[in-house]
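# give me a 3D structure for the following:
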Amino acid sequence: MEAPDAMMERMNTPTYDGLPPRQATFVDGRIAGLSQFDAYREAYGAGQLEKSVHECASRLSSTAKVSQALRERRAALAKRTDANEDRIVRGILAVADDPDAKHADILRAWELLGKRLGIFIERHETLNVNVDTSKLDDFTLDELLAFRETRRLKLVEGESHALKPEDSNALVTAPTGNGRHLES
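Numbers count the residues shown, from 1 in each chain. Now for the predicted structure:
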């Protein structure tokens, strides 16, 4: 929150984009990533009820001059971002094509370019074993790790279809080494 003197000074400063200073402050806040609510509070102070701030911020965002200023500022920001992105890609290409660069640097450059182009997509597989966690307290860590390894081996061996969706309540058992079976 600005000090009162700083707020008065800002209120008396010339506007940009044809907006009054408080509206310009609101636009600055939105461009900086603040929510409508927070940008409005920064521009107009915190003396209003929360519901009123939401309504006023929404109304202010939809006014012609403010929405035009937001579009123009976002377009300018996107243009700068695109220029920076192009510069970064050119730099990575320079490393990828540099015969004097280290092999690891060249490989990393090609990896980054592949990710940028969508060739390499990182995927993470999540396995839901449907374990009733209340039963886990009965088992030791070694028993749980043995169960996990058994499930992993089944998946590696292509038995991921062992449990069909309609069998989601079926029991999967793994020996735990002490005669008990871990059920999920």
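
# only C-alpha atoms for contact and neighbour calcs from this point on.
OK.

# need the per-residue pLDDT for the residue positioned nearest the centre of the chain.
Residue closest to the average C-alpha location in the chain (CA atoms, centre = their mean): Gly33, at 14.1 Å. Per-residue pLDDT puts Gly33 at 87.

# secondary structure element for it, which one?
Counting by DSSP states H and E, no helix or strand carries Gly33.

# roughly how far apart are it and Phe26?
Distance, Gly33 to Phe26, by CA to CA, to the nearest Å: 11 Å.

# in this protein, which helix has the most residues?
helix 64-96 (DSSP state H).

# and that helix, how far out from the chain middle?
Its chain's C-alpha centre and that of helix 64-96 lie 19 Å apart, by CA atoms, centre = their mean, to the nearest Å.

# that one packs against which elements?
The contact analysis (3 or more CA pairs under 8 Å, 6 or more residues apart in numbering; DSSP states H and E) places helix 64-96 against helix 21-31, helix 103-117.

# what's the first helix or strand after the longest one?
Put plainly, it is helix 103-117. helix 141-156.

# same check, this time on the shortest one
As assigned by DSSP H and E, the chain's next helix or strand after helix 21-31 is helix 36-44.

# could you dump that following helix to CSV, C-alpha only?
Only the C-alpha atoms of helix 36-44 are listed here, as CSV (Å, rounded to 0.1, in the frame of the first residue of the first chain):
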residue,chain,number,x,y,z
GLN,A,36,-9.1,-7.3,-10.7
PHE,A,37,-9.9,-7.2,-7.0
ASP,A,38,-6.2,-6.5,-5.9
ALA,A,39,-5.6,-4.0,-8.8
TYR,A,40,-8.7,-2.1,-7.8
ARG,A,41,-7.7,-2.0,-4.1
GLU,A,42,-4.2,-0.8,-5.1
ALA,A,43,-5.6,2.0,-7.2
TYR,A,44,-8.5,3.1,-5.1
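
# I'd like the average pLDDT over it.
Helix 36-44 comes out at a mean pLDDT of 89.

# in it, what's buried?
Using 16 or more other CA atoms under 10 Å as the test for burial, helix 36-44 gives Gln36, Phe37, Asp38, Ala39, Tyr40, Arg41, Glu42, Ala43, Tyr44.

# could you give the angle of that helix to helix 21-31?
Between helix 36-44 and helix 21-31, the angle comes out at 150 degrees (axes from the mean of the first three to the mean of the last three CA atoms, to 10 degrees).

# by contact count, what packs against helix 36-44?
Here helix 36-44 touches helix 21-31, helix 50-61, going by 3+ CA pairs under 8 Å, 6+ apart.

# count of neighbours near Leu70?
Leu70 is flanked by 19 other residues according to other CA atoms under 10 Å.
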